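# What would the 3D arrangement of this be:
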Amino acid sequence: MNDTSWGAPSRAGYWGAPDQGPVQGAAPAGPAYDAQDALTPSETQPMPIVPDVAASGGHQDDDRGAAQPSGPLFRDGMPPAPSAHPAQKPQEPMTGAAQPAPAPPKKKSAGRDLGAAIGVGVGLGVVIVASLFIVKAVFVGVIAVAVVVGLWELTSRLEERKGIKAPLVPLAVGGAAMVVAGYVRGAEGAWVAMALTALAVLVWRMTEPPEGYLKDVTAGVFAAFYVPFLATFVALMLTADDGPQRVLTFLVLTVVSDTGAYAIGWRFGKHKLAPRISPGKTREGLLGAVTFAMGAGALCMHFLIDDGTWWQGLVIGLAVAASATLGDLGESMIKRDLGIKDMGTLLPGHGGIMDRLDSLLPTAPVVWLLLVAFVGSG
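Predicted structure coming up:
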């Protein structure tokens, strides 16, 4: 055996009696072991002696006596060790080589087609404002259409992702009737329509097998409350003499709140607001929503609403920022439970109708209630 060899001999891995050899052809078990050296300790090769003091001596921080790396040296005054092959030149430090340019920082992105989102948003705004100030009944029709489409998106996603079959027909008919009843008969009409819609959902589902009945009707009643009933409060605002101005105030404050949250959160957002629900929302964005909504609220109450004052606008703006944020988080919880990003694809850059109604729906009853408390029902 070569003196410098640390490889395994023919008896390596065998720990039995000396007169009993290992099974021929069996693979040695465990690490390589020099049995001959173990039996004759006097023949064990001495370990190389490492000097206690560096060969060059000197300061404790001087590491020139330590083991040298096998790669090229990059320290001044430390010439590379001579190569065993004369033809192979030692590698020179690449001090003159061009260094790769650092990667440019990634730009923040909202993850959507911003141009399409702006175009669709402007188009929807024109349709809504035009219908709102020309004929009130047309705007009620716009609300009813949005409710029906939102119910279709919600029930479709529930069936696709969870197998829940909330009956769409009674929901769509009852939802549209709920909006019209709220505009024509006020709050009493909306409540009666809500009760009849829930009853229709229970009866309609009886035409199918009983398996899954409870979860289907529960989802149906939830959808009736979440989409058309909350949207009915917009129709209730419209019944006042200055109804179009009240609805416009509600829409402006909600949009401004969302815009303020997006702009401030995109520029300064660092601290997550609810990372388990919506990782993109930040506390800085919430502060931006509150600031923007309160400022817009003061202006809208002063210039748009009869007998309105600026401080009432501050209160309404604060409430709108809170309800709009909670609405966003609630919709995010639903979509996370369903495992989807958007409820639909009807609105390029936005997703579906329900993705635009998420902050509007829970904000509508809040604004209606505060306006009635501050300036009356009109």
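# Could you list the low-pLDDT ranges of the protein?
Scanning the chain with the threshold set as pLDDT under 70 gives 1-112.
# so where's the longest helix in it?
The longest helix of the chain (DSSP state H) is helix 168-205.
# Show me what the top strand by length along the chain is packed up against.
Counting residues, the longest strand found in the chain (DSSP state E) is strand 278-282. Under the contact definition 3 or more C-beta pairs under 8 Å, 6 or more residues apart in numbering; DSSP states H and E, strand 278-282 sits against helix 243-268, strand 272-274, helix 310-338. To be clear about C-beta, it is placed using only N, CA and C from the backbone, and glycine gets the same treatment.
# Show me what counts as buried in the last one.
Going back to what we said before, that points to helix 310-338. 312-325, 327-332, 334-335, 338 (16 or more other C-beta atoms under 10 Å).
# closest one to G174 among the helices and strands packed on strand 278-282?
G174 lies closest to helix 310-338 among the helices and strands packed on strand 278-282, at 20.6 Å (C-beta to C-beta).
# The closest one versus helix 243-268: what angle between them?
Calculated by axes from the mean of the first three to the mean of the last three C-alpha atoms, to 10 degrees, helix 310-338 forms an angle of 70 degrees with helix 243-268.
# how far out from the middle of the chain is helix 310-338?
Here helix 310-338 is found 17 Å from its chain centre; the criterion is C-alpha atoms, centre = their mean, to the nearest Å.
# now do stretch 302-320
Remark: stretch 302-320 is offset 32 Å from the chain centroid, using C-alpha atoms, centre = their mean.
# In PDB, list the C-alpha atoms belonging to that stretch.
Extracted C-alpha coordinates of stretch 302-320, given in PDB (Å, rounded to 0.1, in the frame of the first residue of the first chain):
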ATOM      1  CA  HIS A 302     -70.000  71.500   0.300                       C
ATOM      2  CA  PHE A 303     -70.700  71.800  -3.500                       C
ATOM      3  CA  LEU A 304     -73.100  68.900  -4.400                       C
ATOM      4  CA  ILE A 305     -75.400  68.100  -1.500                       C
ATOM      5  CA  ASP A 306     -78.100  70.500  -0.400                       C
ATOM      6  CA  ASP A 307     -77.500  71.700   3.200                       C
ATOM      7  CA  GLY A 308     -74.300  69.700   3.400                       C
ATOM      8  CA  THR A 309     -71.200  70.900   5.300                       C
ATOM      9  CA  TRP A 310     -67.500  70.200   4.900                       C
ATOM     10  CA  TRP A 311     -67.100  68.500   8.200                       C
ATOM     11  CA  GLN A 312     -69.900  66.000   7.400                       C
ATOM     12  CA  GLY A 313     -67.900  65.200   4.200                       C
ATOM     13  CA  LEU A 314     -64.900  64.400   6.400                       C
ATOM     14  CA  VAL A 315     -66.900  61.900   8.400                       C
ATOM     15  CA  ILE A 316     -68.500  60.400   5.300                       C
ATOM     16  CA  GLY A 317     -65.000  60.200   3.600                       C
ATOM     17  CA  LEU A 318     -63.600  58.400   6.600                       C
ATOM     18  CA  ALA A 319     -66.500  55.900   6.600                       C
ATOM     19  CA  VAL A 320     -66.200  55.300   2.900                       C
END
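# For G115, give me phi and psi.
phi -60, psi -50 (degrees, to the nearest 10).
# In space, what's closest to it - neighbours in sequence excluded?
G349 (7.3 Å; C-beta to C-beta, 6 or more residues apart in numbering).
# got a list of what the one you found touches?
G349 is in contact with R112, D113, L114, G115, A116, A117, I118, G119, V120, G121, counting by C-beta atoms under 8 Å, 6 or more residues apart in numbering.
# mind checking which helix or strand the last one is in?
The one in question is G121. Assigned by DSSP states H and E, G121 belongs to helix 114-134.
# If you compare the directions of the very next helix or strand once past that helix and helix 114-134, what angle comes out?
Along the chain past helix 114-134, the next helix or strand (assigned with DSSP H and E) turns out to be helix 136-162. Counting by the same axes, to 10 degrees, helix 136-162 lies at 140 degrees to helix 114-134.
# next one: helix 136-162 to chain centre, how far?
Using C-alpha atoms, centre = their mean, the offset of helix 136-162 from its chain centre is 24 Å.
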